[in-house]
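J.: fold the stuff below for me.
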Amino acid sequence: MVGTVVLPLAARGPKRSIYERTTKGMRIFLRTPRLRGLLALNLTIAAASAMVIVNTVVLVQSKFALPQSSTAMALMAFGGGSMVFALMLPKLLERLDDRKAMLAGGAVLVAGLILGTFVSSYPALILLWLVLGAATPWHRHRPDAFCGARPQPRIDLRCSPPSSPFHTPAG
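T.: This is a model prediction of the structure:
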């Protein structure tokens with residue numbers, strides 16, 4: 001039965017060059033002021049994450065002359081900070097404005113990148129990686145908030161009894 005269905009033909013748009021087709025999304029993105037702000041926040045988190053991923057080995061093993069296990073501990077501090085704060089974030093966002101929280105996270109990341117140039121000890125690096133990790137979930141939770149989208153009602157994910165018409169309570 002499925003094999004006998006005839007699909008309608010899609011209307012073809014005007015013929016465009018490969019350059020125009022491949023850059024259209026980026027041009028739309030850059031023309032929209034709110035999306036440019038979101039792009040700046042995404043570049044901030046990318047720069048901070050790249051700083052941690054690329055420079056952890058160099059800093060720990062070359063600058064501080066520590067073993068590979070110390071490198072793993074430093075990366076664990078970044079990931080641990082991110083996970084702990086991501087778990088705390090929903091409760092915190094009940095009291096904070098989403099857009100302000102996202103901008104605060106971006107500011108912490110920029111400050112952390114600047115402070116990273118002055119790190120001179122392994123414990124300071126661990127603390128900085130923890131802070132950078134904690135700042136990464138701030139603007140990944142709701143990018144639509146930065147774009148001015150209307151807030152959607154929060155979904156309650158707690159378990160509730162089935163609401164099927166076929167379900168009858170035992171009793």
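J.: give me the residue ranges of this protein where confidence is low.
T.: When residues are selected by pLDDT under 70, those of the chain lie in 140-171.
J.: please enumerate the strands of it.
T.: Taking DSSP state E, the chain contains no strands at all.
J.: helices of that one, start to end?
T.: 18-31, 33-57, 68-93, 98-115, 122-135, 143-146 (DSSP state H).
J.: nearest to L9, of these?
T.: Nearest of those to L9, taken as CB to CB: helix 18-31 at 20.3 Å. From N, CA and C alone the C-beta is placed, and that goes for glycine too.
J.: how far is the closest one from where the chain is centred?
T.: With CA atoms, centre = their mean, to the nearest Å as the basis, helix 18-31 stands 23 Å off its chain's centre.
J.: that one vs helix 33-57, what angle?
T.: Helix 18-31 and helix 33-57 are oriented at 100 degrees to each other (axes from the mean of the first three to the mean of the last three CA atoms, to 10 degrees).
J.: return the distance of S69 relative to A50.
T.: Going from S69 to A50 by CB to CB, to the nearest Å gives 23 Å.
J.: correct me if wrong: A47 contacts L113.
T.: Yes - the pair A47 / L113 is scored as a contact, 6.4 Å apart, by CB atoms under 8 Å.
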